[in-house]
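Chemist: whatever this is, show me its structure:
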Amino acid sequence: MSPFVQIILLWLGFAGSHLVLSSVPVRRRLVMRLGEQPFRGLYSLIAFAFFIPLVAIYFTHKHAGPQLWSLTHGPVLLATVYTAMAFAFVLIIAGLVQPSPAFVVPGDATPRPVHRITRHPVMMGIALIGLAHLLPNGSATDVAFFGGLVLFPLLGSAHQDRRKLADGDEKFRRFYEATPFLPFTGPARLRGVRGLFPTMAAAGVAVACVVRYFHSSWFGG
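Modeler: Here you go, the predicted structure:
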């Protein structure tokens, strides 16, 4: 079995197990039988069982398989990638500092500035990282791995919204109606950017710079 197929299958297993276990009927039954904390432990174990081999297979077969596209690594492409990565880390850090009620550990239901950009800043930041890596990496294994890194946050976030709405939480419903799903698609998006604390923006850019500086030694070429 080719590395490309293995990566696809592991992404399907990772995403599928997440969506099934977090679905309302399955989650409720398992929590009733196991308890909240044991369920979270089971959820995490299954996730790691798929994600660890997924990462291992990709990093031992980077840039393998047919070349699906090849963009010139010139100043425009590099500037696009670096800008996207910086913004991705700004979203992730802001989402961790100001968690939404849609986050893994739910935060306050009052939309914060970052939620005016997207109600899923951490997941959208991860998706943006995947998208930024797809541009300069067009081989089959790269597309399979980073394509999954784009699709899973989008599907997982949409599924999370549906589950929260099905729970009947009116505070979340109001939060949902006041915030956009995709970044910069809501009416208050500019207010969201202006409302980000300078420290969060600076921290995101700094993390992006550190990752870029150590990228070769941490992740290889």
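Chemist: state which helix of this structure is the longest.
Modeler: Secondary structure of the chain per DSSP state H: the longest helix is helix 140-166.
Chemist: any idea how far apart the tips of stretch 94-111 sit?
Modeler: 12 Å (C-alpha to C-alpha, to the nearest Å).
Chemist: and the contacts of it?
Modeler: Applying C-beta atoms under 8 Å, 6 or more residues apart in numbering, the contact partners of stretch 94-111 are 112-115, 119-122, 125, 157, 160-161, 164, 169, 171-172, 174-176, 178-179, 196-197, 200-201, 204. Placement of C-beta: from N, CA and C, glycine included.
Chemist: quick one: furthest residue from the center of the chain?
Modeler: residue 33 (29.9 Å; C-alpha atoms, centre = their mean).
Chemist: tell me the secondary structure at that one.
Modeler: When classified by DSSP: H, G, I helix; E, B strand; the rest coil, residue 33 comes out as helix.
Chemist: per-residue confidence at it?
Modeler: The predicted structure scores residue 33 at 90 on the pLDDT scale.
Chemist: quick check: what element follows the helix or strand bottoming out on mean pLDDT in the chain along the chain?
Modeler: Ranked by mean pLDDT, DSSP states H and E, the weakest helix or strand in the chain is helix 189-195, scoring a mean of 62. The first helix or strand that comes after helix 189-195 along the chain, using DSSP states H and E, is helix 198-213.
Chemist: buried ones in that following helix?
Modeler: Of all the residues in helix 198-213, those buried under the rule 16 or more other C-beta atoms under 10 Å are 200, 201, 203, 204, 205, 207, 208.
Chemist: against residue 219, how distant is the residue lying closest to the fifth one once chain neighbours are set aside?
Modeler: The shortest distance from residue 205 to any residue that is not its chain neighbour, by C-beta to C-beta, 6 or more residues apart in numbering, is 4.9 Å, and that residue is residue 86. In this structure, residue 86 and residue 219 are separated by 17 Å, where distance is defined by C-beta to C-beta, to the nearest Å.
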